[in-house]
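[1] got a structure for you, letters missing:
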Ligand code: DC
């Protein structure tokens, strides 16, 4: 039987487990995985290096005209290129998270990234994770999830991740920054973080990562069996 290759949208706040779940689900289905947050992070790296004020529209438009953000799909996951330089590590630096959140609120940036995301996903067979995939990028995606987890649980995950990368984070600070980023991503005018009406809500604190992928897979399976 030839299975239809659908678009799967996974949205949710920072450290809700969406990237890990999306990547593993894509592997299981032999789909492409696209981390859209990484693309906004690449823009943030470019803005930081250029030293521009991201509220300065002229400078931002000029920067965007000069940068090429590419996502390479590899066995190990997404490799992010900024003008042919691999910035997969640089985009994970702690100060880039807030800058990515701020730059992603800018219309010109969103327009360019959303267009690229649509080009990469339009043929289906793709799992995308982000904040606005089910609401804006692919409102007609066949399957949509909204992953959540309590703030403290997400901050603890980020705290451990930073530690494992050799940083010396302070838990309270990680918590405060995550709270601020949640608020910024959810309250912005353009494509704010909200669940699509038809999204399936999953709380990642209830599951191990393997269990969570299984939950998502079961929903996929049900949909395909119903002949979506
Ligand atoms: O998922 P992440 O933490 O890597 O995303 C970094 C920032 O990018 C996030 O704070 C908001 C923004 N983002 C967005 O606005 N839309 C997306 N689809 C993905 C990320």
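    It's in. Worth saying up front: this structure is predicted, and the values here are computed from it rather than measured.

[2] From now on I want contacts and neighbour counts done on CA atoms only, so please keep to that.
    Noted.

[3] shaky segments in the chain?
    Judged by pLDDT under 70, the chain has its weakly predicted residues at 1-2.

[4] Let me see the ranges of the helices in it.
    Ranges of helices within the chain are 18-29, 36-50, 57-66, 94-103, 107-121, 151-164, 171-187, 209-225, based on DSSP state H.

[5] Kindly present those as JSON lines, with separate columns for distance to the ligand.
    Shown next, in JSON lines, are these (distance: least, C-alpha to the nearest ligand atom, whole Å):
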{"stretch": "helix 18-29", "distance to the ligand": "7"}
{"stretch": "helix 36-50", "distance to the ligand": "3"}
{"stretch": "helix 57-66", "distance to the ligand": "16"}
{"stretch": "helix 94-103", "distance to the ligand": "4"}
{"stretch": "helix 107-121", "distance to the ligand": "8"}
{"stretch": "helix 151-164", "distance to the ligand": "10"}
{"stretch": "helix 171-187", "distance to the ligand": "6"}
{"stretch": "helix 209-225", "distance to the ligand": "17"}
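
[6] Tell me which of those helices sits nearest to residue 3.
    Proximity to residue 3 (C-alpha to C-alpha) singles out helix 209-225 among the helices of the chain, at 7.7 Å.

[7] Packing partners of that closest one?
    Contact here means 3 or more C-alpha pairs under 8 Å, 6 or more residues apart in numbering; DSSP states H and E; on that basis helix 209-225 packs against helix 18-29.

[8] Show me which positions of the helix it packs on end up buried.
    By 16 or more other C-alpha atoms under 10 Å, the buried positions in helix 18-29 come out as 18, 19, 20, 21, 22, 23, 24, 25, 26, 27.

[9] can you pull the contacts of the fourth one?
    Residue 21 sits next to 209, 212, 213 when contact means C-alpha atoms under 8 Å, 6 or more residues apart in numbering.

[10] Could you do the third one as well?
    If a contact means C-alpha under 8 Å, 6+ apart, then residue 20 has residue 209 as its contacts.

[11] Please apply the same query to the last one.
    Residue 27 makes contacts with residue 33, as judged by C-alpha under 8 Å, 6+ apart.

[12] do the same with the first one
    Shown in contact with residue 18 (C-alpha under 8 Å, 6+ apart): 10, 11, 12, 129, 147.

[13] and which of the buried residues of helix 18-29 is nearest to residue 189?
    residue 18 (23.0 Å).

[14] circling back: most surrounded residue in the contacts of residue 21?
    residue 212 (23 neighbours; other C-alpha atoms under 10 Å).

[15] does it really touch residue 204, like I thought?
    Yes. Using C-alpha atoms under 8 Å, residue 212 is in contact with residue 204, at 6.8 Å.

[16] these two touch, right, residue 8 and residue 130?
    No. Counting by C-alpha under 8 Å, residue 8 does not reach residue 130; the two are 11.3 Å apart.

[17] what's the most distant pair in the buried residues of helix 18-29?
    18 and 27 (14.0 Å).

[18] Can you name the residues in contact with stretch 63-81?
    The list of residues contacting stretch 63-81 from outside it, by C-alpha under 8 Å, 6+ apart, reads 23, 32-35, 38-39, 42-43, 46-47, 50, 82-84, 86-88, 109.
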